[in-house]
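Participant: Build me a model from this:
(one chain, ligands or ions: 2)
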Amino acid sequence: MIIKGHIISAEEFGKVSIVENGYIVVIDNKIEGVYQSLPEEYQNEKITDYGDSLVFPSFSDMHLHAPQYPMLGMGYDLQLLEWLRTYTFPTEAKFKDSAFARKTAQRLAKDLIRNGTTRVAMFSSLHKEATLILMEELEKAGVCGYVGKVNMDRHGGENLEENTGESMVDTKDWLNQCNFPHVKPILTPRFIPSCTPELLTFLGEIAKKEGLPIQSHLSENTSEVDWVRSLENVDEYYQAYEKYGLWNSKTLMAHCVHSSEKEIRSMAENGVYVVHCPASNNNLISGCAHIRDFLNAGVKVVLGSDIAAGEFISMFDNVKETIKTSKNREIMDNWETPFLSVEEAFYLATSAANEFFSEGPGFAKGNSFHAIVLQDGDLLSPKELTVKERFERMFYIRQRHAIKAVYSDSRLVFVD
Ligand code: GUN
Ligand code: FE
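Facilitator: Ligands and ions are numbered 1, 2, ... in the order given. The predicted structure follows:
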């Protein structure tokens, strides 16, 4: 497969590479290279020519909750713990109904693909059947990545709580039953207040034995942090994950808005990923994460929509929210913390997550081929724009039907 267009990717943090009228060559479902002129050996191959369109890597959404998708855009009048009890747990409880779960999963999968998100780290609900249905529907639509059956055996209220034994058995059954080529399991203790020490110990043991990745929430809200300290008798929230073996280089921790210096240091030392979810942090008035400080400390940072606490399914919008939130951080820090540039935030939404999927940045040789093709010819412009200017503008405004094609693991999964 050979794709032609203006090829744009984030080779390193803060730096985009632009190859105008360039070629991406994909052989045996792996990227062979990006070229300014097509090498002699490929001259007779068929070329898919996207003309003046921009070709980006597709996005990775590294934190979202499938069973919350039906309540997108609602209930942003409460902070985290009340929000969970009042709106979220009752909504997630509906995933008990497999037909409802399937309908939700189908719609979410379709919306992710048409918005250019082809890789995810996603929470399901505690329901085993619904989780298998979700994985099946993502696979069918062409969404790749990780999905977790949520573990929660305390503080879930009447309709959203397992007992400890049930949670363990269902987790094992789910792990045995999920066998999809592109959608893999990830262990998902909801957060410390949702899981008993016994359950966390069990999850830490299977993480180690099976080498499975882990996703959860960390230091999102000040009341949550206080609660965890008293529940687990720790000084720092992260120590509650660490003591159960849930703190390593395959761990994704959403939010980290209120992480202490010690917590940040431990994330850097252990290779734990921070999943920055600015739309959620703004909606639930959680706070304004110190992303620049994380990056300076050597912490790996990726982006998440945190649907439905965040309202944007499009990672274009989440990149924009990342930039704007970092500008507020700069104001709050007396103009001492530089905001994140478009190039930097684009890296976090694409290349930074590649590492979690064991791939190189951008369209690196050997990567699987994930890409979106974008058009902007309907927008007014004050002058002829450079490709770089067109790239930057995409995150702020897009024409209707801006996304013309989406490729996921070399498969053309969307055309407009
Ligand atoms: N902490 C525990 N559960 C959740 C959730 O569903 N969303 C968010 N934003 N934080 C959480
Ligand atoms: Fe979340």
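Participant: Let's verify the most centrally placed residue in the chain: helix, strand, or coil?
Facilitator: The centre of the chain sits closest to residue 62, judged by CA atoms, centre = their mean, with a distance of 1.5 Å. Using DSSP: H, G, I helix; E, B strand; the rest coil, the three-state assignment for residue 62 comes out as strand.
Participant: Next up, the contacts around it.
Facilitator: Contacts here follow CB atoms under 8 Å, 6 or more residues apart in numbering; on that basis residue 62 touches 120-121, 252, 273, 275, 302-304, 353, 356. Every residue, glycine included, has its C-beta placed from N, CA and C.
Participant: let's see 7 Å
Facilitator: With CB atoms under 7 Å, 6 or more residues apart in numbering as the criterion, the residues that contact residue 62 are 121, 252, 275, 302-304, 353.
Participant: Residue 279 now?
Facilitator: Taking CB under 7 Å, 6+ apart as the definition of contact, the neighbours of residue 279 are 305-306, 310-312, 318, 321.
Participant: Could you dump the residues you listed into JSON lines and include secondary structure and neighbour count?
Facilitator: Conversion of the contacts of residue 279 to JSON lines gives the following (DSSP: H, G, I helix; E, B strand; the rest coil; neighbours: other CB atoms under 10 Å):
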{"residue": "305", "secondary structure": "coil", "neighbour count": "31"}
{"residue": "306", "secondary structure": "coil", "neighbour count": "31"}
{"residue": "310", "secondary structure": "coil", "neighbour count": "28"}
{"residue": "311", "secondary structure": "coil", "neighbour count": "19"}
{"residue": "312", "secondary structure": "coil", "neighbour count": "21"}
{"residue": "318", "secondary structure": "helix", "neighbour count": "30"}
{"residue": "321", "secondary structure": "helix", "neighbour count": "25"}
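Participant: From those residues, list the ones also adjacent to ligand 2.
Facilitator: Here is what survives when those are matched to ligand 2 using CB under 5 Å from the ion: residue 306.
Participant: Is it possible to get TSV of the contacts of residue 279 that adds pLDDT and distance to residue 71?
Facilitator: As requested, these are arranged in TSV below (pLDDT from 0 to 100; distance: CB to CB, whole Å):
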residue	pLDDT	distance to residue 71
305	99	14
306	98	13
310	98	12
311	98	10
312	98	14
318	99	18
321	98	19
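Participant: Go through the contacts of residue 279 and say which is closest to residue 365.
Facilitator: Nearest to residue 365, judged by CB to CB, of the contacts of residue 279 is residue 318 at 27.9 Å.
Participant: contacting residues around that closest one?
Facilitator: Remark: with contacts taken as CB under 7 Å, 6+ apart, residue 318 is in contact with 279, 303, 305, 312, 349.
Participant: In space, what's closest to residue 350 - neighbours in sequence excluded?
Facilitator: Nearest in space to residue 350, with sequence neighbours left out and distances taken as CB to CB, 6 or more residues apart in numbering, is residue 57 at 4.5 Å.
Participant: Per-residue pLDDT of that neighbour, please?
Facilitator: The predicted structure scores residue 57 at 98 on the pLDDT scale.
Participant: again with the one 10 residues further on
Facilitator: Listed pLDDT for residue 67 reads 98.
Participant: Residue 75: which element?
Facilitator: Assigned by DSSP states H and E, residue 75 belongs to neither a helix nor a strand.
Participant: That one: neighbour count?
Facilitator: Number of residues near residue 75 (other CB atoms under 10 Å) recorded here: 18.
Participant: Quick one: end-to-end distance for stretch 278-291.
Facilitator: The separation between the terminal residues of stretch 278-291, taken as CA to CA, to the nearest Å, is 10 Å.
Participant: ugh, wrong one, I meant stretch 93-102
Facilitator: From the first residue to the last, stretch 93-102 extends over 14 Å; the measure is CA to CA.
Participant: now check it, is it near ligand 1?
Facilitator: No: contact between stretch 93-102 and ligand 1 is absent, the nearest approach being 12.6 Å (criterion: CB under 6 Å from any ligand atom).
Participant: which other residues reach that stretch?
Facilitator: Residues lying outside stretch 93-102 but in contact with it, judged by CB under 7 Å, 6+ apart, are 67, 125, 127, 129-130, 133-134, 137, 159-160.
Participant: So which bits of it are buried?
Facilitator: By neighbour count, with 16 or more other CB atoms under 10 Å as the criterion, the buried positions of stretch 93-102 are 93-96, 101-102.
Participant: got these as CSV, with pLDDT columns?
Facilitator: Below are the buried residues of stretch 93-102 laid out as CSV (pLDDT from 0 to 100):
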residue, pLDDT
93, 98
94, 97
95, 97
96, 97
101, 98
102, 98
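Participant: Show the pLDDT at the closest residue to residue 12 other than its chain neighbours.
Facilitator: Counting by CB to CB, 6+ apart, the nearest residue to residue 12 once its immediate chain neighbours are dropped is residue 361, at 6.5 Å. The pLDDT attached to residue 361 in the predicted structure is 98.
Participant: wait, what's in contact with the closest residue to residue 287 other than its chain neighbours?
Facilitator: Excluding the flanking residues, the one nearest residue 287 by CB to CB, 6+ apart is residue 257, at 4.0 Å. Listed by CB under 7 Å, 6+ apart, the contact partners of residue 257 are 219-220, 281, 286-287, 289.
Participant: Most neighbours of all those residues, which one?
Facilitator: When neighbours are counted by other CB under 10 Å, residue 220 leads these with 29 neighbours.
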